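Student: Give me the fold of what follows.
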Amino acid sequence: MSHSVSDPTFYRSAAEAAAAPPERLAYVAAFDRSAERPDAMAVVDVDPDAASYGRVVGWTDMPGTGDELHHFGWNACSSALAHAGHDTDGLARRFLLVPGLRSSNVHVLDTVPDPRSPRLVRTITAKDLSEAAGYSRPHTLHCGPDGVFLTCIGGPRGDDDGPGGIALLDHSTFQVLRAWETDRGPQRLAYDAWWHLNRNVLISSEWGHPSMIEDGVVPELLLGNEYGHAIHVWDLAEGRHLQRLELGAQHQMALEVRPSHDPEATWGFVGVVISTEDLSGSIFRWFLDGDEWRAEKVISIPAEPADPEVLPPALQPFSAVPPLITDIDLSVDDRFLYVSCWGTGELKQFDVSDPAHPREAGSIRLGGIVERTSHPAAPGLPLSGGPQMVEVSRDGRRVYFTNSLYGAWDDQFYPDGVGAWMAEADVGPDGGMTLDQRFFPHGDDFRGLRVHQVRLQGGDASSDSYCYR
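Tutor: Got it, this is the predicted structure:
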């Protein structure tokens, strides 16, 4: 059973999404590492025909300080076309739900009537989240069958060691309803979650508890292989754990999960930050093999040798800079996978037309721990940070990316300061990427704040599930 919905940005299929009018605005989470000023939602003009192209054209401060805005998302998406668990009449892609990873508050911004000036209409407090769901430290959210799924890495107090999991929020009122899990099995660590709607399956990943990430990477925990190194398969309707897919203890920090956009497909990718064997980063593919889900490594990106004198203290003993795979994104047509190598300052593009055998199709270098590669728009400005949060337009022709990971981790790997910048690359019809020299908001454009996740007006490659072919 499906309900009547009228939002034109709810697309029946990936092809319909790609053919829709392009995005004109990008929403960018900006945060103050010192927690002395409010974090903010910056609005960037991404219309290449506009006089204000590449500029910040809107700004909304959050209430209070110390949120550290992280991953955020829409209250509703194309998956609403097949939802049967609630009333979708009048449901629209209107509100941005914006979690603070440090504060555990979730701010609700209304992008109507003026999408350039989102209005704060509600704050879901840390107390609301803890009392109703038993979670804290909200990280990632997606619109789902029974409500908004909000992944959280912490337990009820915010400073404890979990277990983390998923809180369920009402689509319309944003009230925290409950913890989503009914039987979590062996799952204790949490990070991201996505699903295969037609298979009634949710996939979740693992990072670490708040104490493991709060002040940067803890070397003893990393070398002891104590960060997350598995993904989990769940019954989506029941919230019941089905399988744990071990990636290997050396593959530390299994972060972003990106399922195929094809509703009939049974595969996806997860990025792994680092191997304790050789400092490489990797991409695993999960897939359904008969009646069992499996995971296999399909991409390995090696560390690069480096002079210890130019490395931060945490890396000096290794005389190498790891790629540090901190984000991945899969184009809506399932053709290209983008991999952020935040340590080496590289954004890689892989052709995954055959998901079991990816091949590299393009690469861009900006920033990086060693190279500090400049943008062609400012060739004399060495850049800190590297491609980190990456977002792909629905038609797959534009890739946007920002440079900050998480405040404490920024400081650990870029101790001289990470700055703030955002870039855009144009994608060729057969792959390959070219930086747009007109698009480079940076530094004071973001009022001294660091920038993290990007969401595109009307949806993007990581915001929607499609229900039909």
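
Student: Residue 411 belongs to a strand?
Tutor: No - judged by DSSP: H, G, I helix; E, B strand; the rest coil, residue 411 forms no part of a strand; its state is helix.

Student: Could you check how many residues crowd around it?
Tutor: Neighbour count of residue 411, defined by other CB atoms under 10 Å: 16. (Each C-beta comes from the backbone N, C-alpha and C, glycine too.)

Student: Skipping its backbone neighbours, what lies nearest it in space?
Tutor: residue 216 (7.0 Å; CB to CB, 6 or more residues apart in numbering).

Student: Check residue 287 too.
Tutor: Nearest to residue 287 is residue 267, by CB to CB, 6+ apart, at 4.1 Å.

Student: Distance of that neighbour relative to residue 403?
Tutor: Applying CB to CB, to the nearest Å, the value for residue 267 to residue 403 is 30 Å.

Student: Neighbour count for the two, which is higher?
Tutor: residue 403 (28 against 18).

Student: Next up, the contacts around that one.
Tutor: Going by CB atoms under 8 Å, 6 or more residues apart in numbering, residue 403 touches 366-367, 383-388, 418-422, 450-451.

Student: any idea how far it lies from residue 281?
Tutor: For residue 403, the distance to residue 281 - CB to CB - is 17 Å.

Student: thinking again about what came up before, looking at it, the residue nearest to residue 287 is touching residue 289, isn't it?
Tutor: No - the criterion here is CB atoms under 8 Å, and residue 267 misses it with residue 289 at 10.2 Å.

Student: quick one: the helices in the protein?
Tutor: Counting by DSSP state H, the segments of the chain that form helices are 14-19, 126-133, 210-213, 219-223, 407-413.

Student: quick one: the last one to chain centroid distance?
Tutor: Just to be clear, that refers to helix 407-413. Distance, stretch centre to chain centre, for helix 407-413: 18 Å (CA atoms, centre = their mean, to the nearest Å).

Student: now swap in the fourth one and tell me
Tutor: Computed by CA atoms, centre = their mean, the separation of helix 219-223 from the middle of its chain amounts to 24 Å.

Student: Check which residues of that helix are buried.
Tutor: 221-222 (16 or more other CB atoms under 10 Å).

Student: Let the chain start at 326 from now.
Tutor: Sure, I'll start numbering at 326, so the last one becomes helix 544-548.

Student: which residues sit against that helix?
Tutor: So helix 544-548 is contacted by 533, 537, 552, 577, 599, 601, 639 (CB under 8 Å, 6+ apart).

Student: Which two among these are spaced furthest apart?
Tutor: 533 and 639 (16.0 Å; CB to CB).

Student: Same drill for the two, tell me which one is more crowded.
Tutor: residue 533 (24 against 14).

Student: From residue 586, how far off is that one?
Tutor: Counting by CB to CB, the gap from residue 533 to residue 586 is 29 Å.

Student: Can you tell me the number of residues neighbouring residue 551?
Tutor: 16.

Student: same deal with residue 365?
Tutor: 24.

Student: mind listing what the closest residue to residue 746 other than its chain neighbours touches?
Tutor: Closest residue in space to residue 746, ignoring its immediate chain neighbours: residue 767 at 3.7 Å, by CB to CB, 6+ apart. Residues near residue 767 by CB under 8 Å, 6+ apart: 700, 703, 706, 744-747.

Student: And for residue 476, nearest residue in space, chain neighbours not counted?
Tutor: Residue 476 sits nearest to residue 465 (CB to CB, 6+ apart), 4.6 Å away.
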